[in-house]
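Q: Would you be able to build a 3D model of this:
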Amino acid sequence: MNFTDERTFNRWFIIISCFIVVGLVLWNTSIFFQRLKQDERAKMSVWAKAQEALDRDPAPADADLDLILEILNNNTTIPIIHTDAEGEIAYTTNIDPDKLENTKQAEQFLADLKAENAPIIIDLGNGEKQYIYYGNSPVLNSLKYYPVGLVLIGFLFIGVVYFFYTTTKNSEQNKLWAGMAKETAHQIGTPLSSLIGWTEILKQENVNESYIKEMEKDIDRLETITERFSKIGSSPILEKTNILEATRETFDYLKSRSSRLIDFSINAPDGYIPVMLNQQLYSWTIENLVKNAIDAMRGKGKLNLSIEEDQKWAHILIKDTGKGLDKNKFKLIFEPGHTTKKRGWGLGLSLAKRIVEGYHHGKIKVAESEINKGTTFKISLRKV
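A: The predicted structure follows:
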């Protein structure tokens, strides 16, 4: 059993154990409730016998009046309604008079008592009978809600366990991705330094200067990528930046490095839209979304980037003419590990979400999508 399987086993073992414990407690509570109900029934039977002895005319010769009164007075909690044979209320015990202010209230209260327990019949002799209707004591009523509270506590405990394991798992994944990113940055650094050295040698060899400039652009890009990876897991520094200029710069670079079969276009106003931005991480987000769009179009189609603004937000929309998405996947595609590509890792969009929402406190979502017509991603960043 590997570590992941062991964690899964432990999680389910705790959850199932919790259900078993709650089930056993509920079962024992039910048994205790029924026994207590039987005890109250027996107590009321004795009480009814005492009431019968007191109300009989003539009273039994062997009746002990002191004992009868003691039994009757001993009941201070169980509500009781005495009725005659026709169902008319004769008198009550342990019932607030306010609950029997009018006939309708009295009938309803009597119906409630009938629903709780079967009546006890008092035979007063000469064919005269009374009926004792009684309810559950406050202790028994409280016990009825005990299982509900216990179930809620059980679900709360399960929720805490689930949250703990989910948080721990996410934390471990975050540490793993951060470690991999930093190691990648470290590994790229060595050949990158070598490339910079070779570029200097090529300059001395009088190689076509345009070639060297293009190589330097790619080297600068590699340095940017290295710095991006090195920042994973760290708090980035946000600076007041013109989102128009930052977006155009990234867009132009991607356009120059992408297939000519992709028709790139950008719609953005002139001027200045300031946002708090880490330009390298923002560039990475745009790059991920553009590459995702290109993959969705299978390397051929139209890609449009537009920038809009309202009073509080700057909105960046990236629209493609790719295969589109089902509506039920609008949120799922941002989950780590989810991918529609055969060789994808499912990290690009999850990183984009973290950069936009976690680091820049913005919003990212699928604005709209239609199968075989395309998808529009929308990034919203608060203006300053």
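
Q: got any ranges where the stretch 201-350 of the chain has weak pLDDT?
A: For the stretch 201-350 of the chain, the stretches with pLDDT under 70 are 228-234, 336-347.

Q: Show me the helices in it, by range?
A: 209-231, 243-256, 279-296, 348-353 (DSSP state H, counting those that start in this stretch).

Q: Quick one: residues in contact with stretch 262-274.
A: 240-244, 247-248, 251, 254-255, 258, 294, 297, 299-307, 309, 314, 383-384 (C-beta atoms under 8 Å, 6 or more residues apart in numbering). Quick note: C-beta positions are derived from backbone N, CA and C, even for glycine.

Q: JSON lines please, covering the helices of the stretch 201-350 of the chain and showing distance to residue 92.
A: Shown next, in JSON lines, are the helices of the stretch 201-350 of the chain (distance: least, C-beta to C-beta, whole Å):
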{"stretch": "helix 209-231", "distance to residue 92": "77"}
{"stretch": "helix 243-256", "distance to residue 92": "77"}
{"stretch": "helix 279-296", "distance to residue 92": "74"}
{"stretch": "helix 348-353", "distance to residue 92": "66"}
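
Q: So for residue 64, which of those sits nearest?
A: Among these, the nearest to residue 64 by C-beta to C-beta is helix 348-353 (82.9 Å).

Q: Compare the helices of the stretch 201-350 of the chain and report which one is nearest to residue 158.
A: It's helix 348-353; of those, that one is closest to residue 158 (C-beta to C-beta) at 27.1 Å.

Q: so what does the closest one touch, helix or strand wise?
A: Contacts defined by 3 or more C-beta pairs under 8 Å, 6 or more residues apart in numbering; DSSP states H and E place helix 348-353 against helix 279-296.

Q: can you list contacts of the helix it packs on?
A: By C-beta under 8 Å, 6+ apart, helix 279-296 touches 224, 227-228, 231, 236, 239, 241, 246-247, 249-251, 254, 258-259, 262, 303, 305, 316, 318-320, 322-324, 341, 348-349, 351-352, 355-356, 359-360, 364, 374-375, 377, 379.

Q: Filter those residues down to the buried ones, PyMOL style.
A: Buried subset of these, written as a PyMOL selection, criterion 16 or more other C-beta atoms under 10 Å:
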select buried, resi 224+228+231+236+241+246+247+250+251+254+262+303+305+316+318+319+320+322+323+324+348+349+351+352+355+356+359+360+364+374+375+377+379
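
Q: where exactly do the strands run in the chain?
A: 80-84, 89-93, 120-125, 128-134, 239-242, 262-267, 274-277, 301-309, 313-320, 363-370, 374-382 (DSSP state E).

Q: Now distance to residue 103 too, for those, in TSV please.
A: As requested, the strands of the chain are arranged in TSV below (distance: least, C-beta to C-beta, whole Å):
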stretch	distance to residue 103
strand 80-84	13
strand 89-93	9
strand 120-125	23
strand 128-134	16
strand 239-242	77
strand 262-267	77
strand 274-277	72
strand 301-309	70
strand 313-320	65
strand 363-370	62
strand 374-382	65
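
Q: Would you mind listing which of the contacts of stretch 262-274 are buried?
A: 241, 243-244, 247, 251, 254-255, 294, 297, 301, 303-307, 309, 314.

Q: Thank you kindly, that will do.
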